[in-house]
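J.: pasting the structure only:
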């Protein structure tokens, strides 16, 4: 009688067999590597239990539950078509004539986009965020503003003989020249900044010039007169 009492009933594997059969139909390429790895591990464990003639009902039930939980945790690979199209677009752009700041922003967004694109475990939100940032950077590219008129005015200003100026007007003139030089050398300068530097320098030249230089200044300043 004691031997009979020690017997353990074989577990019912009907549900386990069905769950394994269903799980075998899933394709690895559809899911993220991390979630698939856990699912594959649980599936292999379930198959081992399936083959184990001595598996108890508790062991069978645990295998079923673990496999179901792993199936529920499977994550679909994110759709990256829009992101990859944006990467191709960004890489084909000629940014030679765009401002350095906006090009730098584009390169940063492009680097992140490539990182997300290569990440097989990336979520759809991560893909969407990277895609949105990349397209925003593309749309925010700004052309370098033509500053040729400021450069020409600077050439004229730098050829003026400031020794004929008073100390006060020479100081103001030099400050305007220094500011204009900074703007002219800044490829990120906006049209507003260029126009302001041009106007400030033009007025400084008009104010600093003595009467014998008025004609030269008016020529380079397009005949503009400082308001009284």
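T.: Thanks, I have the structure now. Note that this is a predicted model, so its numbers are computed, not measured. Residues are numbered from 1 along each chain as shown.
J.: How about the contacts made by the residue nearest the centre of the chain?
T.: By CA atoms, centre = their mean, the chain has its centre lying nearest to residue 109, at 1.8 Å. By CB atoms under 8 Å, 6 or more residues apart in numbering, the contact set of residue 109 is 90, 130, 133-134, 136-137. Glycine gets a C-beta too; all of them are placed from N, C-alpha and C.
J.: so what's residue 173 up against?
T.: So residue 173 contacts 157, 160, 162, 165, 204-205, 207-208 (CB under 8 Å, 6+ apart).
J.: pLDDT at residue 100, what is it?
T.: Looking at residue 100, its pLDDT reads 95.
J.: on that earlier part again, closest one of the contacts of residue 173 to residue 147?
T.: residue 157 (14.2 Å; CB to CB).
J.: Report whether the expected contact of the closest one with residue 181 is present.
T.: No: counting by CB atoms under 8 Å, residue 157 sits too far from residue 181 to count as a contact (9.5 Å).
J.: So between those two, which is more surrounded?
T.: residue 157 (23 against 17; other CB atoms under 10 Å).
J.: element containing the more buried one?
T.: helix 148-158 (DSSP states H and E).
J.: tell me how far whatever helix or strand comes next after that helix is from the chain's mean position?
T.: Moving toward the C-terminus from helix 148-158, the next helix or strand (DSSP H and E) is helix 167-185. Taking CA atoms, centre = their mean, to the nearest Å, one finds the center of helix 167-185 at 38 Å from the center of the full chain.
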